Every structure is written in C-alpha cells, then in structure tokens.
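*Asks:* what follows is a predicted protein model with its sequence.
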Amino acid sequence: MKANNLARRAMRRWTILVFLAAILAFWGTLSYPFLHDDLWIIEQNPVVQNNGPLLDLFRKDYWGMRVDEPARDRLFRPLTTLTLIANHALGENDPWGYRALNILLHALVSLLLLRLGLCLGLRPEAAATVALLFAVHPVHTEAVNAVVGRSDLLAAAGLLGGAIQALSERRVGGGAWGRSPEKKKKEATAKNLKEMNRLAVFIGLWFALALFSKESGVAFLLWAVLWVAWCRWPAAEWFTMDREGLGRAAVAAGVVLGLYLVMRYGALGMWSRPAPPSILDNPLAHEGFAGRIAGGLGVLGRYLGLLVYPRPLTIDYSYAQILPWSRASLAWGSLGCFFIAAWGWAAWRWRSGRPEVAFGLALFLAGYAPASNLAVPIGTIMAERLIYIPSAGFFIAFTPALADYLVFRGRRVFIGVLAAAVLLYGGMSWERNGDWSGYLAIWESAARVSPNSARALRLYGQSLNRKGKFSEAIAPLKKATKILPVYDPAWTELGISLMQSRREKESEAAFKEALRLNPRAPENLLAISDLYLGTGRLREASFYLEKAVSLYPNFVEARFRLGNLYLKQRNIWRAEEEYRAALSAAPGRGDIHHNLALILFDSGDIEGSRRHARRAGQLGIRLRPEFMRLLGFLPQGGRTPKSNAIK
C-alpha cells in the first residue's frame with residue numbers, strides 16, 4: 001500500500017512537471033499579434049466574427065472567406081472553427097485568449113502522451129521523459145504559435161486519446177490491443193458487452209475530435225490498421241486481440257468517417273480542391289510520380305533531421321527552397337529511407353522486449369502519411385506543424401530506452417541529463433518564439449533560413465515596406481522575381497518599393513509586369529493607380545481604379561481612392577457615390593465618413609455632414625477645428641476637445 005502511494009505521488013509530480021514545462025515553454029508568446037494565416041482565419045472570417053449563423057461552420061469550407069480565390073484549398077474543420085468562435089465570444093480579437101488556448105491544448109497533448117506511455121507499459125520515468133521532450137521541443141513552435149496550428153493540436157489530442165482508449169486495460173479479456181493477459185479470457189457476459197460498447201463509443205468520439213478538427217485526423221485509422229496488423233503477426237506471441245471488441249470499435253470509427261464524408265461533401269460540394277496547389281506552394285504537385293516520391297522522401301529526411309536537431313526552423317519552405325531532384329533532396333531522401341529501414345529493423349528486433357519501438361513507428365508513419373504528398377498532393381510541400389503528430393511516435397520509440405539506461409546508471413544521472421535536455425530544448429523554443437513576435441521578425445527569419453523561397457523573400461520585402469524601409473526591400477523582392485518570374489505579388493511589392501524610392505519608371509515597369517501576369521488582381525490595379533495618382537496622371541489612375549471597382553464592387557479601398565480622385569477633379573456627385581458605396585461595405589471606416597462629411601457640407605447638406613462628421617470622430621478621426629466650428633460642434637474660438645467622440 002505504501003509503495004502504491006509513493007508511486008501515485010511520483011506520477012502526480014511528473015504530471016505537474018509535464019504540464020508546467022508545456023506552459024512555460026510558450027508562456028512568453030501570449031502578447032504576440034496575429035500573423036499570416038491567422039489574420040484570414042480570425043479577423044476576416046465572418047463565421048468567427050459572428051457575422052453569420054453559427055451553422056455556417058458546418059456549411060462553409062475552412063477558407064470560405066476567400067471567395068475571390070476559386071482555386072483555393074477546400075478544407076472542412078468545423079471543430080477548429082468552433083473553438084475560434086468561442087475565443088471570439090470571450091475576448092473578441094485579442095490574441096491573448098487565442099494563444100492561451102493553443103498553449104493549454106499543447107499541454108493537454110503532452111499529458112495525453114504521458115498517459116499513452118504508461119498504457120504501453122513504460123516506466124513512469126520513461127513515459128515522463130517522452131512527454132517532457134515533446135512538450136518543449138522547438139519543432140512544435142509553429143503548431144503552438146500559429147493560431148491556425150490549433151487544428152494540429154486538436155487532431156493530435158483526438159488521435160492520442162483514441163489510442164489510449166484502445167490500449168486501456170479495462171476491456172474484455174484484459175486487453176484488446178494491449179499486453180496479453182496471464183489468465184484465459186472468460187466467456188463474454190452482459191457486463192463485458194456493455195464495456196465493449198462503451199469502449200467503442202469513446203473511440204468513436206476521440207476519432208471524431210481528430211477528424212472534424214483536421215483532415216490529418218484520418219491518421220488514427222491508419223495507425224489502427226498498422227498496429228492491428230503488427231499485433232496479429234509479428235508480435236502475436238506478445239499481444240492478444242478481442243475480435244468482437246475490435247469489430248465494435250471499427251464500426252464506431254466507420255460511422256464517424258461516413259458522417260464526416262457526408263458533411264464534408266455537403267459543405268464543400270466537392271471531394272477535393274478544384275485545382276492542384278500552385279508551384280509556389282507545392283512544387284511536388286507539378287511533378288510526375290517519380291518526382292513526387294523523390295521530393296516526398298526528401299521532406300521526410302528533413303523532418304527526421306529537425307526532430308534530432310531542430311535548427312534552423314522557418315515558417316516557409318516554398319518554391320524553390322525544396323526541389324525534388326536537387327542534391328539536397330536526394331541526400332535527405334536517402335537518409336530518411338535509411339532511418340525508417342533501421343527503425344523497422346529495431347521494431348522487429350525488439351518486438352517482444354520493447355514494443356514501444358513498433359508502436360512509435362506505426363504512429364509516425366500514420367501521422368506522416370496524410371501530409372507526405374506521396375499519394376495526394378496537399379497545399380504545401382513542407383511545414384513544421386505537420387510533424388506535430390509524427391513527432392509523438394518518434395519520441396515514444398526512441399526515448400524510453402535511453403531513459404531506462406540513465407535510470408540504471410543512477411537516479412541522479414537520469415535527473416541531470418533529463419534536466420539538461422529539457423533546458424536545452426526549452427531554451428531553443430524560447431529563442432525560436434522570438435521570431436513570432438511580429439510580422440517583420442517572422443519573415444526576416446524565414447528569408448534568412450529559406451533564402452531560395454520566393455514567398456519568404458516577397459513577404460520579407462512586404463514587411464520592410466510596411467515599416468517604411470523601401471530601399472531595403474528592393475533586393476529581396478528582386479530576388480523573389482528572379483526565383484519565380486511568374487509570381488505577380490512579388491512584382492507588385494517590388495513596384496511599391498521602387499515607387500516609394502522615387503524610381504517611378506522602374507516602378508511602372510514592375511506594376512505592368514504584375515498586371516501582365518494577373519490583369520484581374522485587385523492589389524495590382526490598386527498599386528499602379530497609386531503610382532499614377534502620385535505622379536499626377538489622373539486619367540490613367542482613374543482607368544485602373546474604375547476597372548478595379550467594376551471587377552470587385554465591394555473593393556472598399558479602390559472605391560475610397562476613386563472617390564478621392566473624383567474629389568480632386570471636383571466631380572462631387574461621383575465622389576459622393578463612391579464614398580457611399582464604400583461605406584455600405586465598410587461602415588466602420590472613419591476616413592470615408594470624414595470625406596463624405598466634407599462633400600455634403602459643400603453641397604449644402606449640413607445635417608448629413610454633421611452626421612458623418614460625428615461618426616468619423618467616434619471612429620477616431622480628428623477633425624480640423626475650423627470644420628468643427630462650421631458644423632457647430634465648437635463655439636467660435638473654442639478649443640478642440642481631447643476626445644475624438646463628438647456628441
């Protein structure tokens with residue numbers, strides 16, 4: 001009894017330690033802003049912003065807000081979107097709450113991994129080592145720091161929870177997918193049938209959590225197939241299986257899969273994306289079978305390398321950072337194949353003494369397969385968040401043997417080495433977290449680590465433009481256009497840099513190249529109109545702005561600038577028309593209210609002018625004192641109020 005109490009206390013300490021490690025590794029990121037895809041998924045998502053019925057999360061695709069991109073990926077992740085809706089309900093668009101929930105989910109996954117290790121029969125020290133290294137490993141910084149990485153966290157929680165349920169000892173015969181019982185199985189009773197039904201229901205619920213959070217949740221089924229096959233043949237002398245219990249669990253998983261497929265097709269109207277990913281996002285999608293295999297294996301080798309030594313890390317691996325037939329890809333692919341072959345040999349060699357090696361291999365392969373590009377090309381060639389689930393299998397397979405060896409050498413040795421590893425990985429995670437502190441920081445890091453990625457260079461140049469460092473942005477943007485000459489956003493950003501650097505002729509050439517590549521892109525039309533407005537070529541500016549609003553009637557910025565152009569030309573009626581059209585799409589734009597107030601005042605509509613001027617002040621636009629006096633907001637000689645809110 002005393003020994004059991006001591007063991008329980010030790011496990012409680014390990015549980016607390018794993019939880020704190022997962023929290024502290026990312027606690028410093030709570031104040032970081034939304035970056036990259038987070039801006040689309042949260043701030044520009046009408047479902048999250050409560051601008052539509054809640055049921056839209058089951059009726060629209062994950063990227064449904066990008067309606068102007070018909071070739072976009074079609075994804076169905078209603079549970080992930082539901083958590084974002086909950087975040088918005090509690091804290092609107094404050095990143096703190098979104099990031100806090102991501103960190104807590106990562107801590108939950110780490111605790112589930114601890115429990116999974118115990119279900120596999122690992123010693124508490126070995127299971128805790130697996131969970132601790134997983135909790136602080138730097139390769140997980142993207143999955144935790146990117147709010148959109150929540151889908152990976154939820155899918156991992158569902159997969160690990162389902163695996164724990166399947167390996168639970170409370171089942172008919174003592175272990176459907178676990179270790180063989182010492183006693184013979186008794187005849188199934190009503191109580192046993194009830195237990196099997198309960199087990200099947202919970203496995204179905206865990207699988208639903210994984211699958212309805214992200215498509216990679218299907219890895220649970222792949223893992224189950226691999227593990228069942230292993231238990232029936234190579235490890236048959238060590239494992240036993242209850243066929244009836246397994247059959248009920250399979251039925252539950254099949255029901256969940258069928259429901260998911262029906263709902264997915266109902267929301268998307270298609271089984272897959274309408275067009276292959278662009279060569280920028282995934283060069284493997286434009287390769288033949290051999291090229292896709294070579295490139296996919298090269299990515300596999302890179303993933304394994306990052307799990308062993310997680311440096312350098314980057315948010316982007318776009319074209320042409322990874323090319324399928326490059327020497328680097330072939331070398332990484334060879335290394336990856338050798339590593340997996342050696343892993344398979346180790347699983348066979350120690351199939352009786354260390355079953356976690358085979359279990360980890362099954363989990364790694366199942367987690368990697370959906371994102372491998374080997375069978376079906378996905379929306380990206382490589383992303384560190386995609387290794388979140390496979391990394392659990394990696395740590396389960398290789399960490400326990402090392403932990404047991406260190407414990408054998410002495411508890412102090414074990415604690416010392418474990419503490420050093422946790423501090424090393426934790427410190428590397430803190431260092432990597434700093435790259436997520438802002439738009440410029442993340443893309444400067446990406447451009448440094450992925451110097452051949454056209455997207456990383458373009459977004460680095462864009463972030464420099466936003467900071468007003470236009471001359472510095474020219475070099476990376478020119479390099480981006482050389483790497484991928486058909487990349488029109490890079491030409492647009494280059495044109496902006498050149499325009500702001502007073503190099504108008506070069507800027508015009510860059511804008512025209514962008515328009516040649518994509519004559520309907522709203523950003524390209526807006527950018528070249530800015531150039532012509534700045535150089536006094538109002539007729540050309542008007543042509544491109546009018547084209548933009550004709551193609552995209554709800555393009556607010558184009559209508560606003562077109563209204564400003566008409567105002568310069570004293571075409572008051574058309575200016576008013578454009579401002580009102582812009583406000584119908586964006587009623588919260590204070591600058592548009594301000595300009596409309598000026599027009600209405602000149603037209604003699606004093607009451608309308610007062611109404612829009614009041615709204616502009618409420619939205620933070622500071623009005624000139626002279627205008628405020630004319631509208632009667634200030635007495636003659638009165639001072640401008642400190643608050644912008646005009647009553």
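*Replies:* Yep, that arrived. Everything numeric here is computed off the predicted structure, so don't read it as measured data. Residues are numbered from 1 along each chain as shown.
*Asks:* so where's the stretch 151-300 of the chain shaky on pLDDT?
*Replies:* Filtered on pLDDT under 70, the stretch 151-300 of the chain yields the residue ranges 169-191, 235-242.
*Asks:* all helices of it, in order?
*Replies:* For the stretch 151-300 of the chain, the helices defined by DSSP state H, counting those that start in this stretch occupy 190-211, 219-232, 243-268, 289-308.
*Asks:* what does the stretch 501-647 of the chain give?
*Replies:* Ranges of helices in the stretch 501-647 of the chain, per DSSP H, counting those that start in this stretch, are 504-517, 522-534, 538-551, 556-568, 572-585, 590-602, 606-618, 625-630.
*Asks:* same list (the helices of the stretch 151-300 of the chain) but as CSV, adding distance to Asp404 and mean neighbour count.
*Replies:* To be clear about C-beta, it is placed using only N, CA and C from the backbone, and glycine gets the same treatment. Shown next, in CSV, are the helices of the stretch 151-300 of the chain (distance: least, C-beta to C-beta, whole Å; neighbours: other C-beta atoms under 10 Å):
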stretch, distance to Asp404, mean neighbour count
helix 190-211, 29, 19
helix 219-232, 22, 20
helix 243-268, 30, 17
helix 289-308, 20, 20
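*Asks:* Throw those into TSV and include distance to Glu626, thanks.
*Replies:* Output for the helices of the stretch 151-300 of the chain, formatted as TSV (distance: least, C-beta to C-beta, whole Å):
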stretch	distance to Glu626
helix 190-211	61
helix 219-232	66
helix 243-268	55
helix 289-308	62
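*Asks:* can you check which of the ones you listed gets nearest to Phe560?
*Replies:* helix 243-268 (34.0 Å; C-beta to C-beta).
*Asks:* now do the contacts for the closest residue in space to Leu545 that isn't next to it in sequence.
*Replies:* Nearest non-adjacent residue to Leu545, counting by C-beta to C-beta, 6 or more residues apart in numbering: Leu562, 4.2 Å away. In this structure, Leu562 makes contact with Ser542, Leu545, Glu546, Ala548, Val549, Glu578, judged by C-beta atoms under 8 Å, 6 or more residues apart in numbering.
*Asks:* check contacts around the last one.
*Replies:* So that's Glu578. In this structure, Glu578 makes contact with Val549, Arg559, Phe560, Leu562, Gly563, Tyr566, judged by C-beta under 8 Å, 6+ apart.
*Asks:* ditto for the fifth one
*Replies:* Contacts were defined as C-beta under 8 Å, 6+ apart; by that measure Val549 touches Phe555, Ala558, Arg559, Leu562, Glu578, Ala581.
*Asks:* quick check, the first one in contact with Ala548.
*Replies:* Yes. In terms of C-beta atoms under 8 Å, Phe555 counts as a neighbour of Ala548; the distance is 5.6 Å.
*Asks:* tell me, what's touching these two both at once?
*Replies:* Common neighbours of Phe555 and Ala548 (C-beta under 8 Å, 6+ apart) are Pro522, Leu526.
*Asks:* more crowded one of these two?
*Replies:* Neighbour totals were compared for Phe555 and Ala548, and Ala548 leads with 25 against 22 (other C-beta atoms under 10 Å).
*Asks:* residue ranges with poor pLDDT in the protein?
*Replies:* 1-4, 6, 52, 64-71, 169-191, 235-242, 634-647.
*Asks:* per-domain residue ranges of it.
*Replies:* By the assignment in automatic domain parsing, the chain contains the domains 2-182+189-435, 439-579, 587-647.
*Asks:* and the last one, how far from the chain's centre?
*Replies:* Pointing back at domain 587-647 there. Distance of domain 587-647 from its chain centroid, counting by C-alpha atoms, centre = their mean, to the nearest Å, is 42 Å.
*Asks:* same check, this time on stretch 483-503
*Replies:* Relative to its chain's centre, stretch 483-503 lies at 27 Å (C-alpha atoms, centre = their mean).
*Asks:* buried stuff in that stretch?
*Replies:* Of the residues in stretch 483-503, 483-484, 487-500, 503 count as buried by neighbour count, 16 or more other C-beta atoms under 10 Å.
*Asks:* how about stretch 462-478?
*Replies:* So, applying 16+ other C-beta under 10 Å, buried residues of stretch 462-478: Gln462, Ser463, Leu464, Asn465, Phe470, Glu472, Ala473, Ile474, Pro476, Leu477, Lys478.
*Asks:* cool, and stretch 108-125?
*Replies:* For stretch 108-125, by 16+ other C-beta under 10 Å, it's 108-120, 122, 124-125.
*Asks:* tell me the contacts of Leu133?
*Replies:* Shown in contact with Leu133 (C-beta under 8 Å, 6+ apart): Phe395, Thr399, Ala421, Val422, Tyr425.
*Asks:* what's the helix or strand for Trp325?
*Replies:* Secondary structure assignment for Trp325, by DSSP states H and E: no helix or strand.
*Asks:* quick one: it from Ala371, how far?
*Replies:* Trp325 sits at a distance of 21 Å from Ala371 (criterion: C-beta to C-beta, to the nearest Å).
*Asks:* between the two, which is the more surrounded one?
*Replies:* Ala371 (27 against 12).
*Asks:* so what's the more buried one closest to, chain neighbours aside?
*Replies:* Ala371 sits nearest to Leu386 (C-beta to C-beta, 6+ apart), 4.2 Å away.
*Asks:* what of Ser329?
*Replies:* Spatial nearest neighbour of Ser329, excluding adjacent residues (C-beta to C-beta, 6+ apart): Gly298 at 3.2 Å.
*Asks:* is it true that the one you found touches Gln321?
*Replies:* No. Gly298 is beyond contact range of Gln321, at 11.4 Å (criterion: C-beta under 8 Å).
*Asks:* touching, Thr314 and Val449? I think so.
*Replies:* Yes. Because the distance of 3.8 Å satisfies C-beta under 8 Å, Thr314 is recorded as touching Val449.
*Asks:* looking at the two, which is more packed in?
*Replies:* The neighbour comparison of Thr314 against Val449 (other C-beta under 10 Å) goes to Thr314, with 22 against 18.
*Asks:* quick check: the more buried one is in a strand.
*Replies:* No. Counting by DSSP: H, G, I helix; E, B strand; the rest coil, Thr314 is not part of a strand but coil.
*Asks:* rewinding a little: report the contact partners of the residue nearest to Ala371.
*Replies:* Applying C-beta under 8 Å, 6+ apart, we find Leu386 in contact with Asp152, Ser216, Ala371, Thr380.
*Asks:* what is the burial count for the second one?
*Replies:* Okay, so that is Ser216. Residues near Ser216, counting by other C-beta under 10 Å, number 26.
*Asks:* with adjacent residues omitted, what lies nearest to it?
*Replies:* Pro370 (4.4 Å).
*Asks:* pretty sure that neighbour sits against Leu221.
*Replies:* No. Taking C-beta under 8 Å as the definition, Pro370 is not a contact partner of Leu221, at 10.3 Å.
*Asks:* sweet, I'm off.
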